[in-house]
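Visitor: Sequence and predicted model, in that order:
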Amino acid sequence: MPRPVQSGFGERTPHLWGLCCSRPYLSVSPGVLPLCCRPPAWGRAARPPPSPLQPPGLVPCRSFSNNKIQVELDESSGVAMMKFKSPPVNSLSLEFLTEFSISLEKLENNRACRGVIITSAVPKIFSSGLDITEMCGKSVEHYAEFWRAVQEMWLRLYGSNMVTVAAVNGSSPAGGCLCALSCDYRIMAENPKFSIGLNEAQLGIVAPFWFKDTFVNVVGYRIAERSLQLGSLHPAPEAHKLGLVDELVPEEKLMEKAAAVMAQWLALPDHARQLTKSMMRKAVLDRLVAHREEDIKNFVTFVSKESIQKSLRMYMEMLKKRKS
Amino acid sequence: MPRPVQSGFGERTPHLWGLCCSRPYLSVSPGVLPLCCRPPAWGRAARPPPSPLQPPGLVPCRSFSNNKIQVELDESSGVAMMKFKSPPVNSLSLEFLTEFSISLEKLENNRACRGVIITSAVPKIFSSGLDITEMCGKSVEHYAEFWRAVQEMWLRLYGSNMVTVAAVNGSSPAGGCLCALSCDYRIMAENPKFSIGLNEAQLGIVAPFWFKDTFVNVVGYRIAERSLQLGSLHPAPEAHKLGLVDELVPEEKLMEKAAAVMAQWLALPDHARQLTKSMMRKAVLDRLVAHREEDIKNFVTFVSKESIQKSLRMYMEMLKKRKS
Amino acid sequence: MPRPVQSGFGERTPHLWGLCCSRPYLSVSPGVLPLCCRPPAWGRAARPPPSPLQPPGLVPCRSFSNNKIQVELDESSGVAMMKFKSPPVNSLSLEFLTEFSISLEKLENNRACRGVIITSAVPKIFSSGLDITEMCGKSVEHYAEFWRAVQEMWLRLYGSNMVTVAAVNGSSPAGGCLCALSCDYRIMAENPKFSIGLNEAQLGIVAPFWFKDTFVNVVGYRIAERSLQLGSLHPAPEAHKLGLVDELVPEEKLMEKAAAVMAQWLALPDHARQLTKSMMRKAVLDRLVAHREEDIKNFVTFVSKESIQKSLRMYMEMLKKRKS
């Protein structure tokens, strides 16, 4: 049976003050084929009725699993669990990113889903960040496709209408940290061996401006300036102190806590919460959308340089040697 | 006898670095009849001499009281006390807002007044926020007039040349919270039963962007993002921890503390303090001024919808039932 | 022997995501003859080879001292020590500011120098801020030259490619505070008699917008708003609590700590750190560059007024009387 609409709210009390709330990200960017063409929730009077081709009560996705990510939706609560399961380190490859965006899109379009908890099925690691093999020895077209997929993931996650809670049950450097930062709330296992941060500078590279914007919006300007320049990976207790994560709990209570936080956020009427979220995040999302093609071009130009290719090959050699 | 100008400063040492300090808010907005046409303080070499029609030593307002707000000016200190006295909950009706703006204007234009302490004469409540009856079953013209009055109050209070101290002696949700946030300093009675916050999302509505801007400028981006999405009402101790209020004191010491804080702020030369305040707040004030008519139009369009009218009627029914 | 390039990084792994990193500050401003015309580091593939006219191993500056500032470069560590030695209070005169900018330029252009520690050789005072005698009884041309020198110092220091650490070993009001705020990291002697802050409002004047921007980027909006309006000078412990300085240490350990912090920052590859720093600070630097001539014109207009000249003369009389 389809989950009833949030009691007393939702349909009936939409936004009185609707300024600054249109969100045309995915359609603005020229030459981009967005994965999703669904109009934003606040462009409609209410959620659309189920398609006539789709029998009532039969929601399109309950549980689906691809190669890299497992998704389970609990229709009674309206909460999906999204588990990264791409050993050894959940690196964000093109395939992973594409599955991630598609999974988010499916949930976003599913009336029965109001929130998603993101966590890892791989022990000790949440996600190690962008997959460096995608940036090495490939064609210019491949680099562009990869970078667009990174952008797409972030646009979907940071701009999601759903409540997004990161249950960070392992280390989370660079792109992994970005995933956590893009959620509405971050809970981390209080294991001091787990660390999190945008450590790009340690690798001799620089986080793109929208990583930085997302970071500043969570920890403030000064902490971001220092942490980004030092490429710091903060152990869980320090990350909590800095505001990089909202809460620490013993690892065995992480999922329980995530569910409790989700319930608290879902107690709010969706429509008002979504409009408020959009009001807060729109400027930063719009900034990437406005510079999306330029951002891709920049990435492709730099990654195509022989000096960088050489550097990346050396880095991968080092990683291989460490393993063996 | 008129209060002497601040010793050694004021007239004699105006701004050396005057960039970014013009404040043409009230004149910019087309089609708006501002309540006040006094040129901003820094557009003049010094305060104008008393009008010849007004005998020296006879200051126009010492104490005045309207239906909703009582104002008393202590000319020896230059501090006005403004008390909300509109039982049961000091809701911000059109009449209340108009009196509020007029009172602020009178004080702003009074040479003898340099600061104002804002508090409530109603037990346990500072202000309950916007009066919902003004948004229900009225004409389109009424909605526009009401919304303009809300804007006008905020433009005057947030942009005031006077030192403004909120002595929050009761709960202060939504628009009540905005009044406190718009002051220079917030002291709250340390009673944990009193709470404060922009809880619009709890009612299924969304705080307008200038409420949000004011909030972000006080508590920072991250706390604002979370608090606005959850529509949180923070008990006094939590509000203090988050920086939403600057200080907590026992309720019986609230006015004494407010007077002490005011004295500290008045020790500064008015001119430099006013220019500094303007430099800090100008961008946010300008943003509403630039979008004022659009903001009104948005409000009127949404509040005029039958679905919203129905929702508001239901909400008021609920409130009536609670009372009886 | 020239210091070897940072092991494994630097040359080999330049920025993958290079957006937002050009820094044309010094060339943009029309009519300004920049002290330095060196292209920014990230505009080149790598540091240029030593000039053929300059024998390898012979670095142009090791130690140089002008009238006001002493500079010593330790080539083994790549760290320069810059000591203000302009008794009695290291006030920022035109001569001081010019030496400061020239010293920064020399170090910036020296391949052997990667970081600079800024401290005072005068007991109990870091720097007292702008020299008021430069603003009094001089020609319009002099005022313009002085103000341009203030701007130049800030543009060089805030935008420096080097790691900049302030070892604040004494009080640091107004312009002295700005110097500290413009560094990457601030360590202060934990002596509560030493205070720091932008106290311009206490003198009846207003900090220019770029002082304010720098301050907000360190302590956040709310603390800056309150501190600037009150013209607060914060004793060291309070300054640390507010985030105005990053760390307090006993005075005798200040230089040791500064060296340790510097080593931590220098462990990062220069190129990535510099790009990250530029990404963070570019918007604020650009804002002054875009309004530089206007800012000078404003300063000159105001400081030339007879009322202000009179006020400054009185202020200096007062200072003279205090001394005697």
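Guide: On my side now, so go ahead.
Visitor: Going by residue numbers, what spans are strands in chain A?
Guide: Per DSSP state E, chain A carries strands over the ranges A:63-65, A:69-74, A:79-84, A:91-92, A:115-120, A:124-125, A:129-130, A:163-168, A:170-173, A:185-189, A:195-197, A:234-235, A:247-249.
Visitor: Return the residues of chain A in contact with chain C.
Guide: Within chain A, the positions lying close to chain C (C-beta under 8 Å from any C-beta of the partner chain) are A:135, A:200-209, A:212, A:220-222, A:224-226, A:228-231, A:291, A:294-295, A:298-299, A:301-303, A:305, A:307-308, A:310-312, A:314-315. (Each C-beta comes from the backbone N, C-alpha and C, glycine too.)
Visitor: List buried residues within these.
Guide: A:135, A:200-209, A:212, A:220-222, A:224-226, A:228-231, A:291, A:295, A:298-299, A:302-303, A:308, A:311-312, A:315 (16 or more other C-beta atoms under 10 Å in any protein chain shown).
Visitor: What about chain B: which of those touch it?
Guide: Counting by C-beta under 8 Å from any C-beta, the subset of these that neighbours chain B consists of residue A:220.
Visitor: unless I'm mixing things up, residue A:202 is touching residue C:268, no?
Guide: Yes: in terms of C-beta atoms under 8 Å, residue A:202 counts as a neighbour of residue C:268; the distance is 6.8 Å.
Visitor: Which positions in stretch A:240-254 come out as buried?
Guide: A:240, A:242, A:244, A:245, A:246, A:248, A:249, A:254.
Visitor: Just flag the most distant two among those.
Guide: A:242 and A:254 (19.6 Å; C-beta to C-beta).
Visitor: which parts of the stretch 51-200 of chain A sit against chain B?
Guide: Taking C-beta under 8 Å from any C-beta, the part of the stretch 51-200 of chain A that reaches chain B is made up of A:184, A:185.
Visitor: Would you map the helices across the stretch 51-200 of chain A?
Guide: In the stretch 51-200 of chain A, the helices defined using DSSP state H, counting those that start in this stretch lie at A:94-108, A:140-158, A:174-181.
Visitor: Look up phi and psi at the residue of the stretch 101-250 of chain A found nearest chain C.
Guide: Per C-beta to the nearest C-beta, residue A:204 is where the stretch 101-250 of chain A lies closest to chain C, at 3.1 Å. When quoted as degrees, to the nearest 10, the phi and psi of residue A:204 stand at phi 80, psi 10.
Visitor: Could you do residue A:112 as well?
Guide: phi -80, psi -10.
Visitor: Just the pLDDT for it.
Guide: According to the per-residue confidence, residue A:112 scores 96 in pLDDT.
Visitor: Share the number of residues neighbouring it, please.
Guide: Neighbour count for residue A:112, taken as other C-beta atoms under 10 Å in any protein chain shown: 20.
Visitor: before we move on, what about residue A:256?
Guide: 12.
Visitor: coming back round to it: so which of the buried residues of stretch A:240-254 belong to helices?
Guide: Among those, the members found in helices (DSSP state H) are A:240, A:242, A:254.
Visitor: Show me which of those is closest to residue B:279.
Guide: The nearest member of those to residue B:279, counting by C-beta to C-beta, is residue A:242 at 29.1 Å.
Visitor: Show the contacting residues for that closest one.
Guide: A:219, A:223, A:227, A:234 (C-beta atoms under 8 Å, 6 or more residues apart in numbering or on different chains).
Visitor: I'd like to know how far it sits from chain B.
Guide: Computed as C-beta to the nearest C-beta, to the nearest Å, the residue A:242 to chain B distance reads 11 Å.
Visitor: Can you read off the pLDDT for that residue?
Guide: 98.
Visitor: residues near residue A:323, how many?
Guide: Using other C-beta under 10 Å, the number of residues around residue A:323 comes to 6.
Visitor: what does residue A:309 give?
Guide: Neighbour count of residue A:309, defined by other C-beta under 10 Å: 15.
Visitor: Residue A:136 is in contact with that one, correct?
Guide: Yes: between residue A:309 and residue A:136 a contact is recorded at 6.4 Å, counting by C-beta under 8 Å.
Visitor: Residue A:248 against residue A:236, yeah?
Guide: Yes: taking C-beta under 8 Å as the definition, residue A:248 is a contact partner of residue A:236 at 5.8 Å.
Visitor: anything in contact with each of the two?
Guide: The contact lists of residue A:248 and residue A:236 share A:188, A:189, A:190, where a contact means C-beta under 8 Å, 6+ apart.
Visitor: For my notes, please list the residues you listed in CSV and give pLDDT and neighbour count for each entry.
Guide: Converted to CSV, the shared contacts of residue A:248 and residue A:236 look like this (pLDDT from 0 to 100; neighbours: other C-beta atoms under 10 Å in any protein chain shown):
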residue, pLDDT, neighbour count
A:188, 98, 29
A:189, 98, 23
A:190, 97, 18
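Visitor: which one of the residues you listed is nearest residue A:88?
Guide: Using C-beta to C-beta, residue A:189 comes nearest to residue A:88 of those, at 18.6 Å.
Visitor: In stretch A:90-99, which residues are buried?
Guide: Along stretch A:90-99, these residues count as buried under the neighbour rule (16+ other C-beta under 10 Å): A:90, A:91, A:92, A:93, A:94, A:96, A:97, A:98, A:99.
Visitor: Quick check: residue A:182 touching residue A:157?
Guide: Yes: between residue A:182 and residue A:157 a contact is recorded at 4.3 Å, counting by C-beta under 8 Å.
Visitor: what sits against residue A:228?
Guide: Residue A:228 neighbours (C-beta under 8 Å, 6+ apart): A:198, A:200, A:201, A:207, A:212, A:215, C:276, C:279, C:280.
Visitor: Can you read off the pLDDT for it?
Guide: Model confidence at residue A:228, given as pLDDT, is 98.
Visitor: in chain A, what spans have low per-residue confidence?
Guide: Along chain A, the parts satisfying pLDDT under 70 run over A:1-61.
Visitor: Mind doing that once more with 90?
Guide: Along chain A, segments meeting pLDDT under 90 span A:1-67, A:202-206, A:271, A:302-303, A:305-324.
Visitor: Quick check: longest helix in it by residues?
Guide: Chain A, longest helix under DSSP H: helix A:270-290.
Visitor: Could you name the helices and strands sitting against that helix?
Guide: In terms of contacts (3 or more C-beta pairs under 8 Å, 6 or more residues apart in numbering or on different chains; DSSP states H and E), helix A:270-290 is packed against helix A:25-28, helix A:140-158, helix A:209-219, helix B:209-219, helix B:221-230.
Visitor: The ones you listed: which one's closest to residue A:62?
Guide: Closest approach to residue A:62 among the helices and strands packed on helix A:270-290 (C-beta to C-beta): helix A:140-158, 20.7 Å.
Visitor: Next, the buried residues of that closest one.
Guide: By neighbour count with 16+ other C-beta under 10 Å, helix A:140-158 contains the buried residues A:143-158.
Visitor: Would you mind putting the CA coordinates of it into PDB?
Guide: The C-alpha coordinates for helix A:140-158 follow below in PDB (Å, rounded to 0.1, in the frame of the first residue of the first chain):
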ATOM      1  CA  VAL A 140      39.900  13.000 -23.800                       C
ATOM      2  CA  GLU A 141      36.300  11.900 -24.300                       C
ATOM      3  CA  HIS A 142      36.600   9.500 -21.400                       C
ATOM      4  CA  TYR A 143      38.000  12.200 -19.100                       C
ATOM      5  CA  ALA A 144      35.100  14.500 -20.000                       C
ATOM      6  CA  GLU A 145      32.500  11.700 -19.400                       C
ATOM      7  CA  PHE A 146      34.100  10.900 -16.000                       C
ATOM      8  CA  TRP A 147      34.100  14.400 -14.800                       C
ATOM      9  CA  ARG A 148      30.600  15.000 -15.900                       C
ATOM     10  CA  ALA A 149      29.600  12.000 -13.800                       C
ATOM     11  CA  VAL A 150      31.400  13.400 -10.800                       C
ATOM     12  CA  GLN A 151      29.500  16.600 -11.200                       C
ATOM     13  CA  GLU A 152      26.200  14.800 -11.800                       C
ATOM     14  CA  MET A 153      26.500  12.800  -8.600                       C
ATOM     15  CA  TRP A 154      27.200  15.900  -6.600                       C
ATOM     16  CA  LEU A 155      24.300  17.900  -8.200                       C
ATOM     17  CA  ARG A 156      21.900  15.100  -7.400                       C
ATOM     18  CA  LEU A 157      23.100  14.500  -3.900                       C
ATOM     19  CA  TYR A 158      23.600  18.100  -2.700                       C
END
